[in-house]
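In: okay, predicted coordinates and the sequence, questions at the end:
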Amino acid sequence: MTVLRRTWRLFRMFIVLMLGIAIATLMLPLRRSGRVSEHFFMDVASWWHRRMLGAMGIVVKVDGKIRPQAGIWISNHISWLDILVIGSQAPVHFVSKAEVRRWPIIGFLAAQTGTLFLKRGANQTGQIVSAMQEKLKDGYAVLFFPEGTTGHGHYVRRFHSRLFDAAIELHAPIVPLALRYEHDPQPHPVVPYIDQQSLLHNLWGVLALKQLHITLIARAPLSAEGAERRRLSEHSREVICEALALPAPALPPDYARASRRAKANANANANAKQ
């Protein structure tokens with residue numbers, strides 16, 4: 001049964017993927033000539049995200065109200081599925097790691113939907129902030145994942161604060177979203193895209209699930225006017241943790257324990273040398 005489920009879903013995903021490529025390719029000259037607005041194309045992208053989730057047998061439940069609006073949107077980060085889930089509910093531009101641009105097909109589609117690609121360690125934060133602000137001025141929503149990487153889902157890492165500058169300088173709202181991949185017990189054993197997994201390996205596991213239910217929690221927008229970016233990032237994280245009922249520390253528990261052990265060993269070695 002699992003083999004049939006995977007095969008059927010892969011076939012449906014392939015059809016939706018080919019449809020996405022066809023739409024993006026055909027609309028490209030129309031968008032450049034101005035005959036198709038960018039806002040309309042982003043609505044089409046949301047429709048495509050919903051079709052892809054349906055092809056995979058994924059059900060999304062929204063807790064709260066998601067209103068399409070210009071602003072900086074943020075969310076906790078668990079899986080590559082996060083983008084499909086959020087994109088299915090509202091037209092939004094994503095900030096993504098630069099490596100995604102080189103992924104076959106996916107990189108092309110991401111670029112066509114206005115994804116902003118961030119090179120890690122290349123001091124490009126200022127350029128990305130400027131690009132985010134241009135999107136905001138044009139009336140778009142821009143989403144980034146402040147944790148900077150994916151996690152299991154039973155904690156939320158400390159938020160990186162630099163990209164919050166895009167909202168502070170323009171007095172744009174911060175729209176906090178929280179993702180939970182339903183499973184008892186938490187966290188979900190299959191969905192998290194972690195531990196050096198390949199995308200195909202993670203996808204293979206997701207396709208085997210009988211059904212996947214996801215809850216997307218929307219909280220009221222936060223004001224960035226007059227805010228200090230570090231405090232704004234901390235408050236945003238607190239809102240998301242509260243929405244998920246997670247009293248988790250800012251660092252993953254295993255990482256925190258390993259860090260303490262490493263520090264203790266270093267001190268012991270230093271004392272031994274003395």
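Out: On my side now, so go ahead.

In: how about the contacts made by the closest residue to Arg67 other than its chain neighbours?
Out: For Arg67, ignoring the flanking residues on the chain, the nearest one in space by C-beta to C-beta, 6 or more residues apart in numbering is Ala90 at 7.9 Å. The C-beta positions use only the backbone N, C-alpha and C, and glycine is treated the same way. Counting by C-beta atoms under 8 Å, 6 or more residues apart in numbering, Ala90 makes contact with Ser46, Ile66, Arg67, Pro68, Ala141.

In: make a PyMOL selection of the buried ones in the residues you listed.
Out: Buried subset of the contacts of Ala90, written as a PyMOL selection, criterion 16 or more other C-beta atoms under 10 Å:
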select buried, resi 46+66+68+141
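
In: what sits against Gly107?
Out: Val100, Arg101.

In: circling back: among the contacts of Ala90, name the ones in strands.
Out: Counted as lying in strands by DSSP state E, out of the contacts of Ala90, are Ala141.

In: closest to Val206 out of the contacts of Ala90?
Out: Proximity of the contacts of Ala90 to Val206, judged by C-beta to C-beta, is greatest for Ser46, which lies at 20.8 Å.

In: torsion angles phi and psi at the residue nearest to the closest one when sequence neighbours are not counted?
Out: In this structure, Ser46 finds its nearest non-sequential neighbour in Pro91, 5.2 Å apart by C-beta to C-beta, 6+ apart. Phi and psi for Pro91, reported as degrees, to the nearest 10, are phi -70, psi 120.

In: can you check Val156 too?
Out: phi -120, psi 120.

In: any idea how far it lies from Gly148?
Out: Separation of Val156 from Gly148 (C-beta to C-beta, to the nearest Å): 12 Å.

In: follow-up on the earlier one: export the contacts of Ala90 to JSON lines and tack on pLDDT?
Out: Converted to JSON lines, the contacts of Ala90 look like this (pLDDT from 0 to 100):
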{"residue": "Ser46", "pLDDT": "96"}
{"residue": "Ile66", "pLDDT": "93"}
{"residue": "Arg67", "pLDDT": "88"}
{"residue": "Pro68", "pLDDT": "86"}
{"residue": "Ala141", "pLDDT": "95"}
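
In: okay if I get the contacts of Ala90 as JSON lines plus distance to Gln127?
Out: Putting the contacts of Ala90 into JSON lines (distance: C-beta to C-beta, whole Å) gives the following:
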{"residue": "Ser46", "distance to Gln127": "27"}
{"residue": "Ile66", "distance to Gln127": "29"}
{"residue": "Arg67", "distance to Gln127": "29"}
{"residue": "Pro68", "distance to Gln127": "26"}
{"residue": "Ala141", "distance to Gln127": "20"}
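
In: which of the contacts of Ala90 sits closest to Ser96?
Out: Using C-beta to C-beta, those come closest to Ser96 at Ala141, 14.8 Å.

In: returning to what we had before: max pairwise distance over the contacts of Ala90: which two?
Out: Ser46 and Arg67, at 13.5 Å, using C-beta to C-beta across the contacts of Ala90.

In: which residues touch the residue nearest to Ser46?
Out: Here Pro91 is in contact with His39, Met42, Asp43, Ala45, Ser46, Pro68, Tyr140, Ala141 (C-beta under 8 Å, 6+ apart).
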